[in-house]
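> Sequence and computational prediction follow.
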Amino acid sequence: MQIHLSNTLTRSVEPFKAIRETENLVTIYSCGPTVYNYAHIGNMRAFLFPDILQRVLRVVGGYDVRWVMNITDIDDKTIRDSALGSAAWRTEIGEQTSDLKQNLRRFTQFYTEEFVSDIEALLIHRKGFYQMPFATDYIPQMQDLIRRIGAKGFAYERGGSVYFNVGEWRNADKYGKLFNIDFENFQEGVRIDADEYERESVSDFVLWKGQKEGEPAWDLEFEGKTIPGRPGWHIECSAMEYEILGVPFDIHTGGVDLCFPHHEDEIAQSKAGYGVEPVNYWCHNEFLEVEGEKMSKSKGNFFTLRDLIAKGVDPVDVRWLMFSTHYASRMNFTFGGLESGRKARFRVQEYIYDLWERSGGTITPSGDHASAQALRNAIFGELANDLQTPKALAELFTFVNRHPASGTDAAEAASVLGFLKELNEIVEVWQFTPRPAQTLDVPAEVQQLAEARWQAKKSKNFAESDRLRGEIAARGFVVKDTKDGFALEKA
RNA sequence: GGAGACGUGGCCGAGCGGUUAGGCAGAGGUCUGCAAAACCUUGUACGGCGGUUCAAAUCCGCCCGUCUCCUCCA
């Protein structure tokens, strides 16, 4: 199915065409985490979005996908927090050594592992990535790019750092492809006091940061000088994209806040150094708010995924919630919404169990039955249209309402199951099994009370029956009567 | 100060000139000794004020509010 994507470069929804269309291959690069702490749920949206995107490209678009997400393991924060004597150094990380680079690596590796386990909890699978490169593994490639940019005349050294000359670049190409930059007002505002480096113009950005006291450093050979330092923020992405995916590649994702300066600078660097417009489709996800407010530590609405899990939230519900808002819209993350979504999700799961009973566990392709085929067209049509996940869900629920399992024959049930299973390759929140038998660990005492209650009920001793139900409830269980028996559930 | 986005019923969230979005909650019903679950039915809306139009949640203007970027940031 033809996919359409909203492209920040053109601010419009465009039909997607892969560079290697004949090979059926799509290349995606996503800005990944800076591993100096646990990721928060806002970050999680930025990782769930490309996961859904790449699955839609695979399942709906029929592409093979090469998905790369970088791990930023060198920046001000990772250096600060891994520095000798840092208060942020946790004992689980191990012992600090006198080797700064080794400390940095241990520190970032710790948070990388935590990060991977977080995204795995959201069912973003590690094995789904083509690569997850560490920035510090690509220092030579970054240095090579800096020299290429220098050779073209768009980089200069000043005060032990190397900068990108935006003014010069603007003579050669457009700067401001992802964002309208008002150069007249660019230098006003709060930006000036942040200018602790000696660049020529405030709009210039650093390619290579000169080493400061106590910082790990690599030697850059640049225009006859040896410059100890480390890569700037933007250069790592440009170099790794080139090295791992090649340029141009198809899709670059990230949060909206990265449009400028990060992605704008990435384009400028890549094009200046490699001579190629690096990315065909830029796709940005909007921010997430919590209970209608910007997430911040001072408001007490700042959550990492682990915070939520500690509160008893099922990470699968967090994943499911992402489908309820279009990726390019601001999302209001609420605990009420989490619960509401969970119920909706279980409704579909119940539907699947019911269909399973109808079909006797048989699953056939969606094309085998007209209603399943139509459902597939409707839902995949919405997903293909710039990932209209809320509308896709609406289509699903409309179908469930109009095709109750009780009125579905075995052939239709099997075919609808076939489609839902295919859909589940994208959403991955449902089980395709017979309805599991309740395998509750019921204490013998509760079991006896329940039996006694059933007997009381059968002999129409309802007062005793209700009393026993109270006893059972006091022990944390709920009795649900069925036609010829009862079931116990955890309260 | 500059650039841009958004404001939909109790909550979440589609819609982008005329037609029931959908989910959760609520209400009524079927079932049940009563419940729970399940299923059926169902009400409430477009921040404010003007304007364009036969017709506006949808287009235009102003105002109010929220948010993003210009500075590390998903």
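That came through, no problem.
> use CA for all of it now, contacts and neighbours both
Will do.
> continuing past the helix or strand where A:Gly418 lies, what's the next helix or strand?
Using DSSP states H and E, A:Gly418 falls within helix A:410-427. Next in sequence after helix A:410-427, counting helices and strands by DSSP H and E, comes helix A:444-458.
> Now do the helix holding A:Gly418: distance to the chain's middle.
25 Å (Cα atoms, centre = their mean, to the nearest Å).
> Check stretch A:484-491 too.
Its chain's C-alpha centre and that of stretch A:484-491 lie 38 Å apart, by Cα atoms, centre = their mean.
> does any part of that stretch sit near RNA strand B?
No - Stretch A:484-491 is not in contact with RNA strand B by Cα under 7 Å from any atom of the strand; minimum separation 7.8 Å.
> Going by secondary structure, the closest residue to A:Lys457 other than its chain neighbours is in what exactly?
What sits nearest to A:Lys457 in space, not counting adjacent residues and going by Cα to Cα, 6 or more residues apart in numbering, is A:Ser465, at 5.4 Å. Using DSSP H and E, A:Ser465 maps to helix A:462-474.
> now do A:Arg199
In this structure, A:Arg199 sits in neither a helix nor a strand according to DSSP H and E.
> residues contacting it?
A:Arg199 makes contact with A:Arg158, A:Tyr163, A:Phe205, according to Cα atoms under 8 Å, 6 or more residues apart in numbering.
> Restricted to strands, list these.
Of the contacts of A:Arg199, the ones assigned to strands by DSSP state E are A:Arg158, A:Tyr163, A:Phe205.
> Throw these into CSV and include distance to A:Leu393, neighbour count and pLDDT, thanks.
Formatted as CSV, the ones in strands among the contacts of A:Arg199 follow (distance: Cα to Cα, whole Å; neighbours: other Cα atoms under 10 Å; pLDDT from 0 to 100):
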residue, distance to A:Leu393, neighbour count, pLDDT
A:Arg158, 55, 13, 89
A:Tyr163, 48, 26, 93
A:Phe205, 43, 22, 90
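> A:Leu468 and A:Gln448 touch, don't they?
No - using Cα atoms under 8 Å, A:Leu468 makes no contact with A:Gln448, being 10.1 Å away.
> Give me the more crowded residue out of these two.
The neighbour count for A:Leu468 versus A:Gln448, taken as other Cα atoms under 10 Å, is higher for A:Leu468 (21 against 13).
> Pull the contacting residues for the more buried one.
Neighbouring residues of A:Leu468 by Cα under 8 Å, 6+ apart: A:Leu449, A:Ala450, A:Ala452, A:Arg453.
> Equivalent analysis for A:Phe16, please.
A:Gln2, A:Ile3, A:His4, A:Leu5.
> Show me which of the contacts of A:Leu468 is closest to A:Pro404.
Comparing the contacts of A:Leu468 against A:Pro404 with Cα to Cα places A:Ala450 closest, at 32.2 Å.
> thought the closest one was touching A:Val478?
No - the criterion here is Cα under 8 Å, and A:Ala450 misses it with A:Val478 at 9.6 Å.
> neighbour-wise, which of these two wins?
Remark: of A:Ala450 and A:Val478, A:Ala450 carries more neighbours, 23 against 17, as counted by other Cα under 10 Å.
> what is the residue of chain A found nearest RNA strand B paired to in the beta sheet?
For chain A, the residue closest to RNA strand B is A:Gly255, as judged by Cα to the nearest atom of the strand, at 2.4 Å. Beta bridges link A:Gly255 to A:Asn285 when assigned by DSSP bridges.
> tell me which element A:Glu120 falls in.
Assigned by DSSP H and E, A:Glu120 falls in helix A:100-121.
> Quick one: residues in contact with that helix.
For helix A:100-121, contacts defined as Cα under 8 Å, 6+ apart pick out A:35-39, A:44, A:47, A:71, A:73-74, A:78-79, A:82-84, A:89, A:93-94, A:96-97, A:125-126, A:214-217, A:305-306, A:315-316.
> what mean pLDDT would you report for it?
Helix A:100-121 shows a mean pLDDT of 96 in the predicted model.
> Compute the number of surrounding residues for A:Met1.
By other Cα under 10 Å, the residues close to A:Met1 number 13.
> Per-residue pLDDT of it, please?
On pLDDT, A:Met1 comes in at 92.
> Let me know whether it touches A:Val59 as I believe.
No - contact criterion Cα under 8 Å: A:Met1 and A:Val59 do not qualify, at 9.3 Å.
> rewinding a little: list the buried ones in the helix or strand following the helix holding A:Glu120?
Note on helix A:100-121: by DSSP H and E, the next helix or strand toward the C-terminus is helix A:139-151. For helix A:139-151, burial by neighbour count (16 or more other Cα atoms under 10 Å) applies to A:Ile139, A:Gln141, A:Met142, A:Gln143, A:Asp144, A:Leu145, A:Ile146, A:Arg147, A:Arg148, A:Ile149, A:Gly150.
> where's A:Asp441 relative to A:Ser6, distance?
A:Asp441 is 50 Å from A:Ser6, where distance means Cα to Cα, to the nearest Å.
> oh sorry, the question was meant for A:Ala87
Between A:Ala87 and A:Ser6 the distance, using Cα to Cα, works out to 43 Å.
> do A:Glu223 as well
In terms of Cα to Cα, A:Glu223 sits 41 Å off from A:Ser6.
> Compare those two and say which is more crowded by neighbours.
The neighbour count for A:Glu223 versus A:Ser6, taken as other Cα under 10 Å, is higher for A:Ser6 (20 against 12).
> Might you report the residue contacts of the closest residue to the more buried one other than its chain neighbours?
Leaving aside its chain neighbours, A:Ser6 sits nearest to A:Val13 (3.9 Å; criterion: Cα to Cα, 6+ apart). By Cα under 8 Å, 6+ apart, the contact set of A:Val13 is A:His4, A:Leu5, A:Ser6, A:Asn7, A:Asp386.
> Could you do A:Cys283 as well?
Residues in contact with A:Cys283, defined by Cα under 8 Å, 6+ apart, are A:Leu5, A:Ser6, A:Asn7, A:Thr8, A:Ile251, A:His252, A:Thr253, A:Gly254.
> Counting only strands, which of the residues you listed make the cut?
Short answer: the contacts of A:Cys283 in strands (DSSP E) are A:Leu5, A:Ser6, A:Asn7, A:Ile251, A:His252, A:Thr253, A:Gly254.
> pretty sure the first one contacts A:Leu383?
No - under the criterion of Cα under 8 Å, A:Leu5 is not in contact with A:Leu383, lying 10.1 Å apart.
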